[in-house]
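Visitor: from the sequence below, what's the structure:
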Amino acid sequence: MTKRILPDRPLTQAEKSERSHAAHPELRAERGKRYRDTHPDRVKADLAQWWAANPGKRTEYRLKSYGITPQGYEAILAIQDNACAICKKPSEVIDFEVDHDHATGRVRGLLCRRCNNCLGWFEKNGLSALEYLEDPNGSSAQG
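Guide: Okay, here's the model as predicted:
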């Protein structure tokens with residue numbers, strides 16, 4: 001059993017809070033969720049302010065969540081001729097989304113937001129859309 005070493009002075013409120021958070025991460029998560037649920041507008045405003053003050057972090061976070069380095073992102077972009085993989089809109093005009101397979105997590109490419117949203121919709125509703133394109137009036141179903 002390890003013995004905790006306490007400082008020769010009383011703990012500050014920040015130190016007490018830090019120790020409490022470390023000892024009870026589930027309570028911290030619960031408090032955070034309760035705060036976010038109770039104050040959604042304040043949380044949204046705080047996040048918007050933080051993202052505005054840290055513009056590079058959004059891209060860094062996005063890439064990290066897909067396991068891509070900034071160099072890997074640039075390599076994919078170069079392969080795609082600095083354009084969206086679907087509509088070919090150039091990268092100077094837009095910020096790209098990382099397209100990935102939701103089942104495997106495998107990165108497929110970089111897409112503009114419109115193409116990424118359309119592809120996501122199509123993955124969920126694609127069969128119905130293809131059936132419609134093949135038979136828009138449903139005449140085969142009517143006999």
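Visitor: state the number of residues packed around Cys112.
Guide: Cys112 has 22 neighbours, counted by other CB atoms under 10 Å. C-beta coordinates here come from the backbone N, C-alpha and C atoms, glycine included.
Visitor: how near is it to Gln80?
Guide: 11 Å (CB to CB, to the nearest Å).
Visitor: tell me what the helix of greatest length in the chain is packed against?
Guide: Taking DSSP state H as the criterion, the chain has its longest helix at helix 113-134. Where contact means 3 or more CB pairs under 8 Å, 6 or more residues apart in numbering; DSSP states H and E, helix 113-134 is packed against strand 97-100.
Visitor: returning to that earlier point: and the contacts of the longest helix of the chain?
Guide: Cys84, Ala85, Ile86, Cys87, Ile94, Asp95, Glu97, Asp99, His102, Leu111 (CB atoms under 8 Å, 6 or more residues apart in numbering).
Visitor: let's see that with 6 Å instead.
Guide: Cys84, Ile86, Cys87, Glu97, Asp99 (CB atoms under 6 Å, 6 or more residues apart in numbering).
Visitor: quick one: the first one from Lys44, how far?
Guide: When you say that, I think you mean Cys84. Distance from Cys84 to Lys44, by CB to CB: 28 Å.
Visitor: do the same with the last one
Guide: For Asp99, the distance to Lys44 (CB to CB) stands at 26 Å.
Visitor: what about the residue nearest the centre of the chain, which helix or strand?
Guide: Central residue of the chain (CA atoms, centre = their mean): Arg62, 5.6 Å from the mean position. Using DSSP states H and E, Arg62 sits in helix 55-65.
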